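Colleague: Compute the structure for the input listed below.
(chains A and B)
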Amino acid sequence: DTAVSQTPKYLVTQMGNDKSIKCEQNLGHDTMYWYKQDSKKFLKIMFSYNNKELIINETVPNRFSPKSPDKAHLNLHINSLELGDSAVYFCASSLRTGQGYTFGSGTRLTVV
Amino acid sequence: GQQLNQSPQSMFIQEGEDVSMNCTSSSIFNTWLWYKQDPGEGPVLLIALYKAGELTSNGRLTAQFGITRKDSFLNISASIPSDVGIYFCAGQEAGGFKTIFGAGTRLFVKA
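Modeller: Alright, predicted model coming up:
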């Protein structure tokens, strides 16, 4: 039973399209995150939600919009995809802020 | 922005050797975390450190939270081929809203 599951695992799409990535955690954690991992494997935080409330919103283009319908779900919608958006996107959760994360297995987004 | 300096960038070692990697920060952290990432997977938490000076082991892995709270190291003893992967350090400031990751240490183990 996967703790943090994100779908899809792979996403290939054309420039200009809109796409969504879904994330669900069954750990009962309060806090969820989206990270972007670039081709050099550098992990950068994008957003964080604590109990459905946005607490971190890094310098991310506003084409990226997170949505948390409840504390077990944090989805990421991306409008007008660009080539530079190609990366692996990781969802993660933690029991509360200040604790270690449990990561999902990632969504590899390729924009062509 | 805040940065973590993780070194070395990569290591090529023989099976059975011990490994050491470390992270330093320009600012103080309340929490240090060490993760391992296998290809095609998300990072997995190895060790979490919450107090300055804390030394914690997880099997063949040992990590320490530096006394200055600006550094941490991870040691792997008697490496085996499945230790191959990318090891990330991560630090959290007081308040812990944001976790900052190092650039990773790529470990290669030759059997």
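Colleague: can you give me phi and psi for the residue lying closest to A:Asn57 once chain neighbours are set aside?
Modeller: Excluding the flanking residues, the one nearest A:Asn57 by C-beta to C-beta, 6 or more residues apart in numbering or on different chains is A:Phe47, at 5.8 Å. Bear in mind the C-beta positions are built from the backbone N, C-alpha and C, glycine included. Backbone geometry at A:Phe47, expressed as degrees, to the nearest 10, gives phi -140, psi 160.
Colleague: Confidence-wise, which helix or strand of chain B is lowest on average?
Modeller: Here the helix or strand of chain B ranked lowest by mean pLDDT, DSSP states H and E is strand B:99-101, holding a mean of 91.
Colleague: Parallel or antiparallel, which strands does it pair with?
Modeller: strand B:85-92 (antiparallel) (DSSP bridges).
Colleague: which outside residues touch the partner strand?
Modeller: Residues outside strand B:85-92 that contact it (C-beta atoms under 8 Å, 6 or more residues apart in numbering or on different chains): A:41, A:43, A:98, B:4, B:6, B:21-23, B:25, B:29-39, B:43, B:46, B:72, B:74, B:98-102, B:104-107.
Colleague: just how off-centre is the least confident helix or strand of chain B within its chain?
Modeller: In terms of C-alpha atoms, centre = their mean, to the nearest Å, the centre of strand B:99-101 is found 12 Å from the chain centre.
Colleague: got the contact list for the nearest residue to B:Pro43 once chain neighbours are set aside?
Modeller: Nearest residue to B:Pro43 in three dimensions, chain neighbours excluded: B:Tyr35, at 3.8 Å (C-beta to C-beta, 6+ apart). B:Tyr35 sits next to A:103, B:43-46, B:87-90, B:101 when contact means C-beta under 8 Å, 6+ apart.
Colleague: hmm, 10 Å instead?
Modeller: B:Tyr35 makes contact with A:43, A:100-101, A:103, B:42-48, B:74, B:85-90, B:101-102, B:104, according to C-beta atoms under 10 Å, 6 or more residues apart in numbering or on different chains.
Colleague: Could you do B:Ser79 as well?
Modeller: Contacts were defined as C-beta under 10 Å, 6+ apart; by that measure B:Ser79 touches B:11, B:13-19, B:60, B:107-110.
Colleague: Format these as TSV; extra columns: pLDDT, distance to B:Ser79 and neighbour count.
Modeller: Formatted as TSV, these follow (pLDDT from 0 to 100; distance: C-beta to C-beta, whole Å; neighbours: other C-beta atoms under 10 Å in any protein chain shown):
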residue	pLDDT	distance to B:Ser79	neighbour count
B:Met11	96	9	18
B:Ile13	96	6	16
B:Gln14	97	8	9
B:Glu15	97	6	12
B:Gly16	97	7	11
B:Glu17	97	5	13
B:Asp18	97	7	11
B:Val19	97	6	20
B:Arg60	97	8	14
B:Leu107	97	8	20
B:Phe108	97	10	13
B:Val109	96	5	20
B:Lys110	93	10	11
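Colleague: Fine by me, thanks again.
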